[in-house]
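K.L.:
What would the 3D arrangement of this be:
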Amino acid sequence: MRGTPLAGTGALLRLALRRDRVLIPVWVLATAGLVVSMPRSLGAVYGTAAERAVNAASMNANGSMRALYGPVFGDSLGALTAWRIGVYGALLAAVTGLIVVVRHTREEEESGRQELLRAGVVGRAAPLTAALLAALVAESALALLVAGGLAGHGAAGALALGAAIGGAGLVFAGVAAVAAQLTESARAAKGLTAAALGAAYVLKAAGDAGTPGGESTLTRLSPLGWVEYVRPFAGERWWVLALFAAAATVSTGAAYVLAGRRDLGMSFLPARPGPAVGRLGSAGALARRLQRGGLLGWSAAFLAAGTAFGGMASGAAEVVGGNEKTRRIIERMGGQSGLTEAFLAAMAGLFGLVAALYVVSCALRPYAEETSGRAEPLLAGPVGRLRWAGGYLAVAFGGSALILAVAGVGLGLGHGSAVGPTIGACLAQLPAVWTVGAVTVLLYGLAPRLAPASWGVAGVLLALGWVGPALDLPRAALNLSPFAHLPKLPGPAGPDWTVLLALTAVAAVLTAAGLAALRRRDLAG
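P.N.:
Model prediction:
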């Protein structure tokens, strides 16, 4: 293919897979593990067909639960697995495609590496093709793992669910490819794709909440809604998979057209030229300016989610019904004997787990600035490394406190109770969230190549907190997570200040060690 637009695609694909030899396996295995482990946890809760039928009926009758998980199309363990985790597996698959495609397209242009590669025998379309093929490898591996892991519950349903999850990932990989052509920075490309993913979820949730049978027009407009519409383990609709193929083909085709009409490093939506509005008198002010949009978006999402979950708390007893196993799982997650308090405590813990993803993304911002070359000119002036990194960490740690407080406000408002206890319950998650952020700082400070492993740490903690109680994992396994040691609030026992202060001290020590390592090492070239 020498001299053709695809020249060098094979070499670039091998390079991309080598660079992502940790990232792709971690995301794929974690996502597949969540999906494949779900039948076991559901079987522990709903052991008989009668219990599963009662659960399906109660979920379909509850608009809030339909918005959260979608309608239930069958009462087998396979159908309940597709209901409980299908859309969320597709969300994680979409994030995988987003990260892989943007990393090997727009990030490479930002860093200047793609310009060096294009100086050799590399065709114009080769970088985009290699990025999309890397995403195809990841999504195909995920689909095969899901299909193989669930084959015991029905080969056709397992294949349909795996294909739907992988197909959704490919659709948003194509969307990410388009965003990489439209925007001038990797951060903007990720933000635009994430906004499209959020819009797809909102469409699905709104359609499912309004229509019990899953036949809403809004649901049909969302690629995440198509995952439900395939109906794995409940009379599979194979033709729906063609929608994923068509959407992925259209989006990737648009990306190729756009890529062929712009110069390297340019975009169709260039950043607004300066001067910036307002005064940026410090490195901290710059960090706040760069990340304020993301913080506002996370705050709005946490407020909306908190309000929704708070509204569901009062009906927790109705949803659980007489199923004692479900009650015990919620009480294990919430640490309370009262079902409503246990539900609120469990939701506060869930917000803490998700906030860990926010703190990792913010704490990795210095890594992005360093590897892109933007940090070097700034640090060449009268700006010290600690002051520079400290500005981003202030947003990471302070922003996590803000979004958790906002989530607490939403929980209280949604539940119709005083917001003080729910704010306190969410803020009690902070020491564990900060510990995860501190691990990120330590890895980044030691060496930039270690920094992406922070996502793997956050993913493991999310899996332990999400499905650990349902799987009834040994306490020793759950204790690996700092979240397992936090007090369960709101509740009559009150906070355990010894544990909270100890975790805060651990976070402070790890952060200090990471900053000390950053101060002594060379910047990435």
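K.L.:
now the strands for the stretch 351-500 of the chain?
P.N.:
In the stretch 351-500 of the chain, no strands are defined using DSSP state E, counting those that start in this stretch.
K.L.:
where in it is pLDDT low?
P.N.:
465-475, 491-493 (pLDDT under 70).
K.L.:
let's go with 80 and repeat that
P.N.:
371-375, 379-381, 383, 415-418, 455-456, 459-480, 488-496 (pLDDT under 80).
K.L.:
what's the spacing between stretch 95-108 and its chain's center?
P.N.:
Relative to its parent chain, stretch 95-108 has a centroid offset of 14 Å by CA atoms, centre = their mean, to the nearest Å.
K.L.:
Just the CA trace of it, in PDB.
P.N.:
Coordinates of each C-alpha in stretch 95-108 appear next as PDB, following Å, rounded to 0.1, in the frame of the first residue of the first chain:
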ATOM      1  CA  VAL A  95     -16.000   5.000  26.900                       C
ATOM      2  CA  THR A  96     -13.400   2.500  25.700                       C
ATOM      3  CA  GLY A  97     -14.000   3.500  22.100                       C
ATOM      4  CA  LEU A  98     -13.900   7.200  23.000                       C
ATOM      5  CA  ILE A  99     -10.600   6.900  24.800                       C
ATOM      6  CA  VAL A 100      -8.800   4.700  22.200                       C
ATOM      7  CA  VAL A 101      -9.900   6.800  19.200                       C
ATOM      8  CA  VAL A 102      -9.200  10.200  20.600                       C
ATOM      9  CA  ARG A 103      -5.900   9.000  22.000                       C
ATOM     10  CA  HIS A 104      -4.600   7.900  18.600                       C
ATOM     11  CA  THR A 105      -6.000  10.700  16.500                       C
ATOM     12  CA  ARG A 106      -6.300  14.200  18.100                       C
ATOM     13  CA  GLU A 107      -3.900  13.600  21.000                       C
ATOM     14  CA  GLU A 108      -1.200  12.500  18.500                       C
END
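K.L.:
quick one: Arg237 and Tyr229 touch, right?
P.N.:
Yes: Arg237 sits in contact with Tyr229 when judged by CB atoms under 8 Å, with a separation of 6.5 Å. C-beta coordinates here come from the backbone N, C-alpha and C atoms, glycine included.
K.L.:
Which of the two has more residues huddled nearby?
P.N.:
Tyr229 (20 against 14; other CB atoms under 10 Å).
K.L.:
what's the burial count for Asp522?
P.N.:
Neighbour tally, Asp522, other CB under 10 Å: 5.
K.L.:
Am I right that it falls within a strand?
P.N.:
No: under DSSP: H, G, I helix; E, B strand; the rest coil, Asp522 sits outside any strand and is assigned coil.
K.L.:
That one and Arg385, how far apart?
P.N.:
11 Å (CB to CB, to the nearest Å).
K.L.:
can you pull out the helices in the stretch 301-450 of the chain?
P.N.:
Applying DSSP state H, counting those that start in this stretch to the stretch 301-450 of the chain gives helices spanning 316-320, 324-334, 339-363, 365-371, 375-379, 385-415, 419-427, 430-446.
K.L.:
could you dump the ones you listed to TSV with mean neighbour count and distance to Glu115?
P.N.:
Listed next are the helices of the stretch 301-450 of the chain as TSV, based on neighbours: other CB atoms under 10 Å; distance: least, CB to CB, whole Å:
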stretch	mean neighbour count	distance to Glu115
helix 316-320	17	56
helix 324-334	19	50
helix 339-363	25	27
helix 365-371	22	15
helix 375-379	14	17
helix 385-415	22	26
helix 419-427	22	46
helix 430-446	26	26
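K.L.:
Just put these in CSV and tack on distance to Val87.
P.N.:
Converted to CSV, the helices of the stretch 301-450 of the chain look like this (distance: least, CB to CB, whole Å):
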stretch, distance to Val87
helix 316-320, 18
helix 324-334, 20
helix 339-363, 16
helix 365-371, 29
helix 375-379, 38
helix 385-415, 21
helix 419-427, 24
helix 430-446, 25
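K.L.:
Leu264 touches Gln114, doesn't it?
P.N.:
Yes: assessed by CB under 8 Å, Leu264 is found in contact with Gln114 at 6.8 Å.
K.L.:
Look at the two and report which has more neighbours.
P.N.:
Ranked by neighbour count (other CB under 10 Å), Leu264 and Gln114 place Gln114 first, with 21 against 12.
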